[in-house]
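Visitor: Below is the structure, and that's it, no one-letter string:
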């Protein structure tokens, strides 16, 4: 079932998410993940965090489609283990539709998380995957990509946001 995506200004997006108790959520997790995948694909996203559908849980999904092939990653209670390099590229967010800004991120990011079966995995991402790892874990820490902008850029973005919000649901 496609879920409503929370938008900039909603409290859940600014709150640090609660750790997922895998054993307690094991039965409802498949349905929740199916809903998240459907929601993300409906809006052509590459990542979606639980706070973006109104749930304060440390849970995210990513599919950056390397070489055009789907590679679904489930991140339950992810932690960033290391970051290297630096790159500034344009970034957007499903919770801030229509707004894009140049954001500094790392070129190489290693994460550890649980998958949908509760098994631990680690992965180093580069390029778009590294950006997605940081973007989605930011959501779980109550941050949006806008929080990485300097004051001058934030002030410029505030004017654009005011106009964009008129068109959001």
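Guide: Structure received. All values reported here derive from a predicted model rather than from experimental measurement.
Visitor: Identify the residue nearest the residue nearest the centre of the chain in space, chain neighbours excluded?
Guide: Relative to the mean C-alpha position of the chain, the nearest C-alpha, by C-alpha atoms, centre = their mean, is the one of residue 136, at 2.6 Å. Using C-beta to C-beta, 6 or more residues apart in numbering and skipping residues adjacent in sequence, the residue nearest residue 136 is residue 60, 3.9 Å away. The way it works is simple: take the backbone N, C-alpha and C, and place the C-beta from them, glycine included.
Visitor: Can I take it that that neighbour is in a strand?
Guide: Yes: the secondary structure assignment for residue 60 places it in a strand, going by DSSP: H, G, I helix; E, B strand; the rest coil.
Visitor: Tell me how many other residues crowd the nearest residue to residue 57 once chain neighbours are set aside.
Guide: Leaving aside its sequence neighbours, residue 57 sits nearest to residue 50 (C-beta to C-beta, 6+ apart; 4.1 Å). Burial measure for residue 50: 24 neighbouring residues, criterion other C-beta atoms under 10 Å.
Visitor: could you pull out the strands for the protein?
Guide: In the chain, strands defined by DSSP state E lie at 47-49, 59-62, 73-84, 87-91, 101-105, 108-114, 120-126, listed in chain order.
Visitor: Okay, now the sheet partners of the first one, with direction.
Guide: Translated: strand 47-49. According to DSSP bridges, strand 47-49 has the following sheet partners: strand 59-62 (antiparallel).
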